[in-house]
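> Below is the sequence, then the predicted model.
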Amino acid sequence: MEPNYAESTASTPTGPAPVERGKSYSRPYFGHRHTPKTIIGGTIGNIMEWYDFALYGFFAPVLSGLFFPSDSHLGSLIATFGVFAVGFFMRPLGGVVFGYIGDRYGRAKVLRLSIITMGLATFLLGALPTTHQIGFWAAVLLIAVRLLQGLSVGGEFSGSVTYMVETSPLHKRGLSGSWANFGSLVGTLVGSGLAAGVSTLLPSDLLHAWGWRIPFLLGGVFGGAAYLYVRKLGGTPHMAHHEKQHADDSPLHEALTQNRRETILAIIFASGYGVAFYIPLVYLPTFASEIGSVSDGTALTINSIGIALAMPIIPLCGWLSDHVIRRRSLLILAFLAMAAAGGVLVGFAAGGWVNLIICQFLLALLIAIPLGSAPAMLVELFPVRDRLTGYSLAYNLGLGVAGGTAPMIATWLISFTGFDAAPGAYLALAALVSAGALWFMQDRSREPLR
């Protein structure tokens, strides 16, 4: 069990002290342990997890020929992105498993277990034999590794966000939660940059022979380093109080009954949010190289620069949601802007590298707004007794079904309609869905955590 930080704080026999509305509170209602170590610990796991998880999307054109050879290159690519989606289908299960562990035994345990799982899975992916070497079983092993990666990501992201928000004072919750997505983009950027470097420096035959393995094998090394840091992290004050008061509660049952409305709205929001993230930042480089006239290396380099431009906007938007504009209002405006921009610009990206730069950079800046302000808002939806389970289940179910299938559906839409701009219409629809879900959510950004 995590150490008890609640004993030095005021509470009633049945829970935390009552809170008067209308006042400004600078800290959660039963104490906090907000230190640089907790923020770094929550961020470093996401750097490693998303470096590992996003690599598959960046190397999709290479992996498609190695594991799913086909007479139709587009068909081979659809199969590859299908396996990309398989990892996301495991995320809800990972969310339930790790959510239960986090709600019953502590948030820090989730961070440690998920990092070990992801590091091992990514190292194994880099060591897999190809279809040319063992035939059909290569694809089976690839799917198994992606399932393991999906299980891990299902616990890591929501676990780290919950950990950082719970250890933060009220006026820093948005900023603290934003560091999880900042870490995700750092990991995605490192993965994109390394993929671009390997693709650019190595001839095509060497890249397909062994070069693609290097970034995946390094992921296992990064995982070991991340674990060494997070293994000493302590618990959160909210969990310490909860462990004493609600040891026999079922967090999954609570999320699906008493907090059913919050769970459903979070699922709908996360569905559109996932599409809005994965089409610009993971699918677009492949779209530009396969449908347009941009080389793999150039597309990945532009993608890396776009991610780098978005990164400083993320904590800025987290801070804005704490001090300037309420989180819900900021998010609705961002998704409406993304619906307008995405519908116009995605098809435009196939016209060459200049077009890709315009599209990639604008969409990356827009998605940075919810990346900075959404994490804290989703944590604030749920009470402590089922916070990690409810958040993990909703976020990973929405992201797994819609976000994970976004590259595959976008590729299929082009094949089915013959219309290069079809992914843009899909992105616009998804952004509108998220904006609609936000409209019905409660904004608790100015209230203490429950």
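Okay, I see it. Residues are numbered from 1 along each chain as shown.

> what about residue 323, distance to residue 57?
Going from residue 323 to residue 57 by C-beta to C-beta, to the nearest Å gives 35 Å. C-beta: built from backbone N, CA, C; applies to glycine.

> For the stretch 151-300 of the chain, which segments count as strands?
Counting by DSSP state E, counting those that start in this stretch, the stretch 151-300 of the chain has no strands at all.

> got any ranges where it has weak pLDDT?
Along the stretch 151-300 of the chain, the model assigns pLDDT under 70 to residues 234-249, 292.

> Run through the helices of the stretch 301-450 of the chain in chain order.
Ranges of helices within the stretch 301-450 of the chain are 313-323, 327-345, 353-381, 387-398, 406-417, 422-439, based on DSSP state H, counting those that start in this stretch.

> Which among the ones you listed is found nearest to residue 156?
helix 387-398 (9.8 Å; C-beta to C-beta).

> circling back to that earlier point, the helices of the stretch 301-450 of the chain into TSV, with extra columns for mean pLDDT?
Formatted as TSV, these follow (pLDDT from 0 to 100):
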stretch	mean pLDDT
helix 313-323	91
helix 327-345	81
helix 353-381	85
helix 387-398	88
helix 406-417	85
helix 422-439	89
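
> need the ones you listed in JSON lines with distance to residue 180 and mean neighbour count, can you?
Formatted as JSON lines, those follow (distance: least, C-beta to C-beta, whole Å; neighbours: other C-beta atoms under 10 Å):
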{"stretch": "helix 313-323", "distance to residue 180": "9", "mean neighbour count": "22"}
{"stretch": "helix 327-345", "distance to residue 180": "15", "mean neighbour count": "21"}
{"stretch": "helix 353-381", "distance to residue 180": "6", "mean neighbour count": "24"}
{"stretch": "helix 387-398", "distance to residue 180": "11", "mean neighbour count": "30"}
{"stretch": "helix 406-417", "distance to residue 180": "20", "mean neighbour count": "20"}
{"stretch": "helix 422-439", "distance to residue 180": "18", "mean neighbour count": "22"}
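
> could I get those helices as CSV with distance to residue 214?
Below are these laid out as CSV (distance: least, C-beta to C-beta, whole Å):
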stretch, distance to residue 214
helix 313-323, 28
helix 327-345, 33
helix 353-381, 25
helix 387-398, 29
helix 406-417, 23
helix 422-439, 30
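
> nearest to residue 121, of those?
By C-beta to C-beta (comparing all of these), the closest turns out to be helix 387-398, at 16.4 Å.

> what distance separates the closest one from the centre of its chain?
Centroid displacement of helix 387-398 relative to its chain, using C-alpha atoms, centre = their mean, to the nearest Å, is 12 Å.

> Now the nearest residue in space to residue 59 that is not next to it in sequence: phi and psi?
Nearest residue to residue 59 in three dimensions, chain neighbours excluded: residue 212, at 5.4 Å (C-beta to C-beta, 6 or more residues apart in numbering). Phi and psi for residue 212, reported as degrees, to the nearest 10, are phi -60, psi -20.

> Wait, residue 212 touches residue 65, no?
No: at 10.4 Å, residue 212 does not count as touching residue 65 under the criterion of C-beta atoms under 8 Å.

> what's the closest of the helices of the stretch 301-450 of the chain to residue 171?
helix 313-323 (5.5 Å).

> neighbouring contacts of that closest one?
171-179, 181-182, 185, 327, 330, 365, 368-373, 375-377, 445 (C-beta atoms under 8 Å, 6 or more residues apart in numbering).

> Between the helices of the stretch 301-450 of the chain, which one is closest to residue 269.
helix 422-439 (4.0 Å).

> before we move on, back to that, same drill for residue 212 and residue 65, tell me which one is more crowded.
residue 212 (22 against 17; other C-beta atoms under 10 Å).
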